[in-house]
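S.K.: What follows is a predicted protein model with its sequence.
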Amino acid sequence: MNVFHEPLAMPDDAWQRCLAVDLEGAWHCSRAVLPDMLEQGGGAIINIASTHSFSIIPGCFPYPVAKHGLIGLTRALGIEYAPRGVRVNAIAPGYIATPAVEAHWQTFDDPAAAKARIEALLPPGRLGQPEEVAMTVVFLASDEAPFINASCLTIDGGRSVVYHD
C-alpha cells in the first residue's frame with residue numbers, strides 16, 4: 001500500500017490512517033503514561049518525529065503534515081507539564097539504515113546507485129544507524145538532560161542544514 005499521495009487524489013482513509021499512526025498514536029501513548037509520571041513527580045516522553053517535521057519533500061504527502069503536528073504536540077505537552085516535572089521532547093531522524101529504508105532502495109532499478117545518491121547528500125557520507133537514534137533517546141530520557149524540554153533534536157548527520165541545488 002502506497003502511504004504517500006498527491007493531495008487532491010488522496011482517499012480520506014489514507015489521511016486518517018497517517019494522522020492516526022503518526023500523530024494520534026503519540027497522543028494516546030502520552031495520555032497513557034502521563035498519569036503515572038504526574039503521580040511520581042516527573043518523567044520524560046520522547047516522540048519520534050522526522051526531518052519531514054521541518055522540510056517538505058514533494059510526493060510525501062500527508063506524512064509531513066502529521067510530523068509537523070507531532071512537533072506541536074511535543075511543544076504543547078512540554079510546556080503544559082514542565083511545572084509538574086515532566087519533560088516532553090522529540091527526535092527527528094533523517095536517513096537511518098532501517099529495514100524500511102533498505103527495502104525502499106529495492107524499489108529502484110539500481111538500488112546501489114539510489115542509495116549512493118542519498119549518501120552523497122549526507123555530510124558524513126553514510127546513513128545513520130538505528131543505534132545512533134537509540135542513544136539520543138536514552139540521553140533525552142536520562143537525568144543528563146534535565147533542562148531540555150519542548151525541543152526536537154535532529155539526527156540527520158547535518159543534512160538538514162546543508163544547502164543543495
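M.R.: Everything's here; your move.
S.K.: can you give me the helices for this structure?
M.R.: 12-19, 25-40, 63-81, 99-105, 111-121, 130-141 (DSSP state H).
S.K.: Kindly compare burial across the ones you listed and name the winner.
M.R.: Mean neighbour count (mean count of other CB atoms under 10 Å) peaks for helix 63-81 among the helices of the chain, with a mean of 19. All C-beta atoms are positioned from the backbone trio N, CA, C, and that covers glycine.
S.K.: Run through who's touching it.
M.R.: 3-4, 18-19, 21-23, 26-27, 30, 34, 37-38, 45, 47, 49-50, 52-57, 86-90, 92, 149-152 (CB atoms under 8 Å, 6 or more residues apart in numbering).
S.K.: Just send the helices of the chain back as JSON lines, with distance to residue 156 and mean pLDDT too.
M.R.: Output for the helices of the chain, formatted as JSON lines (distance: least, CB to CB, whole Å; pLDDT from 0 to 100):
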{"stretch": "helix 12-19", "distance to residue 156": "21", "mean pLDDT": "95"}
{"stretch": "helix 25-40", "distance to residue 156": "20", "mean pLDDT": "98"}
{"stretch": "helix 63-81", "distance to residue 156": "13", "mean pLDDT": "97"}
{"stretch": "helix 99-105", "distance to residue 156": "13", "mean pLDDT": "93"}
{"stretch": "helix 111-121", "distance to residue 156": "10", "mean pLDDT": "95"}
{"stretch": "helix 130-141", "distance to residue 156": "10", "mean pLDDT": "98"}
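S.K.: would TSV of those helices with distance to residue 163 be doable?
M.R.: Converted to TSV, those look like this (distance: least, CB to CB, whole Å):
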stretch	distance to residue 163
helix 12-19	29
helix 25-40	31
helix 63-81	20
helix 99-105	24
helix 111-121	11
helix 130-141	24
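S.K.: I'm done for today, thanks for sticking with me.
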